[in-house]
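**Q** Predicted model and sequence below, questions to follow.
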Amino acid sequence: MDRLLLIAQVWLGVLGVVGVTAAAPELGVEHGVRAMGALVLTGLVAWVPVRSVVRASPWIYLGVVVLLILTLFIGTSPAGSEAKRWIAIGGFTLQPSELMKVAVIAYLAAFFHNHLGDWQIWRPMVVVGVAAGLIVAEPDVSTAAFLFALAFAVMLAAGTTLTRLFSISTAAALIALVVGGPYLSQFGYLSDRITGFQDLWGEQQATRTTSYQAYRARQELLSAGVVGIGAGRPVQVPEAETDLVAVSIGRTLGLAGIATLVGLYLVIASRGLRIAAAQAGPGSLLAAGATAYLCGQAAVNLLVASGLFPITGIPLPFVSYGFNSQLSVAVAFGFLHAAQREARARAPEGEPAP
């Protein structure tokens with residue numbers, strides 16, 4: 001396994017425990033145990049040959065699509081929410097939309113490698129469009145939009161021309177609207193988030209309603225200073241252990257904690273891009289997609305935490321509390337390690353490994 005990536009992942013896990021414990025002390029131990037389990041999963045995925053991931057990718061994708069469809073019919077919702085995003089399996093709940101992120105990365109890496117320049121562009125149109133549409137129907141527009149961005153990143157890494165990118169993206173968006181669009185009118189949370197963001201940077205007349213979460217997040221960060229106020233004081237921000245765990249870390253460790261978070265993701269971005277550039281084929285696309293997933297999602301989450309982007313509900317990779325996010329992120333880290341191992345094995349004798 002790549003030592004630098006592993007160190008970054010471990011430190012993200014440590015910061016996650018700090019943030020979750022500060023926001024919800026009763027969840028700290030559970031989150032730590034899950035983080036250690038996710039590290040084990042990363043190690044297992046890391047030793048799966050890239051060619052095996054490529055071969056299994058269509059079946060992985062279809063399996064997650066089936067789970068997404070089942071979620072619309074028998075899915076569960078948390079108290080006070082109308083969204084169906086989880087499905088009960090055994091003693092835990094699974095969120096298929098999180099698994100779809102790595103499923104799409106694997107499928108597109110296999111597709112663009114296998115077809116080289118002779119691409120049947122209708123296939124990625126359908127794959128991305130159906131997946132995004134089913135997620136929109138839950139509804140979870142932010143995750144669906146991020147899935148589009150993720151697919152776009154993999155297609156760019158594959159050398160897709162701008163014409164094909166536009167064609168695939170437009171057609172996939174239309175498919176997603178056909179599949180999930182009719183459900184959106186049932187839910188008003190989308191307009192509330194936009195309104196709340198406008199109020200945060202406007203007259204601040206709705207700080208007790210639509211902009212409350214974003215307003216409290218900004219106030220907590222402003223009061224933290226350079227080194228934070230330490231642990232033991234409650235964080236007065238909703239979802240401070242999940243979507244806004246960066247606020248919890250910032251309040252506890254101050255600007256130093258946030259800077260450490262950003263630095264770790266920059267290390268992952270640098271290492272991931274180097275691994276992707278060190279080879280050709282599906283390993284390169286897996287590494288590029290995994291890097292886009294981990295660092296792109298981190299960027300969106302940190303922008304939300306700082307009040308520079310509307311509330312999205314997208315977790316901070318390997319830091320936020322949540323079994324499904326940790327599971328998906330662990331697999332993405334495993335893709336990076338697997339790609340690095342393949343690049344190292346293929347490096348010409350005498351040349352340094354990536």
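**A** In hand now; what should we look at? Numbering: from 1, shown residues only.
**Q** Find the nearest non-adjacent residue to the most centrally placed residue in the chain, please.
**A** Compute the mean C-alpha point of the chain, and by CA atoms, centre = their mean the closest residue is Gln297, 4.7 Å away. Excluding its sequence neighbours, the residue lying closest to Gln297 (CB to CB, 6 or more residues apart in numbering) is Pro317, at 5.4 Å. To be clear about C-beta, it is placed using only N, CA and C from the backbone, and glycine gets the same treatment.
**Q** hang on, the one you found is in a helix, isn't it?
**A** No. Pro317 sits outside any helix when classified using DSSP: H, G, I helix; E, B strand; the rest coil, being coil.
**Q** Convert the host helix or strand of the residue nearest to the centre of the chain to PDB, retaining C-alpha atoms only.
**A** Using DSSP states H and E, Gln297 falls within helix 282-305. C-alpha atoms of helix 282-305 as PDB (Å, rounded to 0.1, in the frame of the first residue of the first chain):
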ATOM      1  CA  PRO A 282      -8.000   1.400 -16.300                       C
ATOM      2  CA  GLY A 283      -5.600   1.800 -13.300                       C
ATOM      3  CA  SER A 284      -5.000   5.400 -14.400                       C
ATOM      4  CA  LEU A 285      -8.800   6.100 -14.700                       C
ATOM      5  CA  LEU A 286      -9.500   4.400 -11.400                       C
ATOM      6  CA  ALA A 287      -7.000   6.600  -9.700                       C
ATOM      7  CA  ALA A 288      -8.200   9.800 -11.400                       C
ATOM      8  CA  GLY A 289     -11.800   9.000 -10.500                       C
ATOM      9  CA  ALA A 290     -11.000   8.100  -6.900                       C
ATOM     10  CA  THR A 291      -9.000  11.300  -6.500                       C
ATOM     11  CA  ALA A 292     -11.800  13.400  -8.000                       C
ATOM     12  CA  TYR A 293     -14.300  11.700  -5.600                       C
ATOM     13  CA  LEU A 294     -12.300  12.200  -2.400                       C
ATOM     14  CA  CYS A 295     -11.000  15.700  -3.100                       C
ATOM     15  CA  GLY A 296     -13.900  17.000  -5.000                       C
ATOM     16  CA  GLN A 297     -16.400  16.000  -2.300                       C
ATOM     17  CA  ALA A 298     -14.100  17.400   0.400                       C
ATOM     18  CA  ALA A 299     -13.900  20.700  -1.500                       C
ATOM     19  CA  VAL A 300     -17.800  20.900  -1.600                       C
ATOM     20  CA  ASN A 301     -18.100  20.000   2.000                       C
ATOM     21  CA  LEU A 302     -15.600  22.600   3.200                       C
ATOM     22  CA  LEU A 303     -17.100  25.300   1.100                       C
ATOM     23  CA  VAL A 304     -20.500  24.500   2.700                       C
ATOM     24  CA  ALA A 305     -19.000  24.600   6.200                       C
END
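**Q** Next secondary structure after that helix?
**A** Going down the chain from helix 282-305, the next helix or strand is helix 323-346, by DSSP H and E.
**Q** In contact with Pro238, which residues?
**A** When contacts are counted by CB atoms under 8 Å, 6 or more residues apart in numbering, Pro238 touches Tyr212, Gln213, Arg216, Leu244.
**Q** If we use 6 Å, what do you get?
**A** Gln213 (CB atoms under 6 Å, 6 or more residues apart in numbering).
**Q** Then Gly289?
**A** Ile105, Val154.
**Q** and the angle for the biggest helix by length in the chain with helix 323-346?
**A** Longest helix in the chain by number of residues (criterion: DSSP state H): helix 245-277. Using axes from the mean of the first three to the mean of the last three CA atoms, to 10 degrees, the inter-axis angle of helix 245-277 relative to helix 323-346 is 20 degrees.
**Q** For helix 245-277, name the packing helices and strands.
**A** Helices and strands touching helix 245-277, by 3 or more CB pairs under 6 Å, 6 or more residues apart in numbering; DSSP states H and E, are helix 3-23, helix 212-222, helix 282-305, helix 323-346.
**Q** Need those in JSON lines (columns: distance to Ala157 and mean pLDDT).
**A** Listed next are the helices and strands packed on helix 245-277 as JSON lines, based on distance: least, CB to CB, whole Å; pLDDT from 0 to 100:
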{"stretch": "helix 3-23", "distance to Ala157": "18", "mean pLDDT": "96"}
{"stretch": "helix 212-222", "distance to Ala157": "33", "mean pLDDT": "85"}
{"stretch": "helix 282-305", "distance to Ala157": "4", "mean pLDDT": "94"}
{"stretch": "helix 323-346", "distance to Ala157": "12", "mean pLDDT": "92"}
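**Q** any chance of those helices in a markdown table, with distance to Gly313 too?
**A** A markdown table is the format used below for those (distance: least, CB to CB, whole Å):
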| stretch | distance to Gly313 |
| --- | --- |
| helix 3-23 | 16 |
| helix 212-222 | 11 |
| helix 282-305 | 9 |
| helix 323-346 | 11 |
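**Q** Minimum distance to Trp47: which of the ones you listed has it?
**A** Comparing the helices and strands packed on helix 245-277 by their distance to Trp47 (CB to CB), the top pick is helix 323-346, with 7.3 Å.
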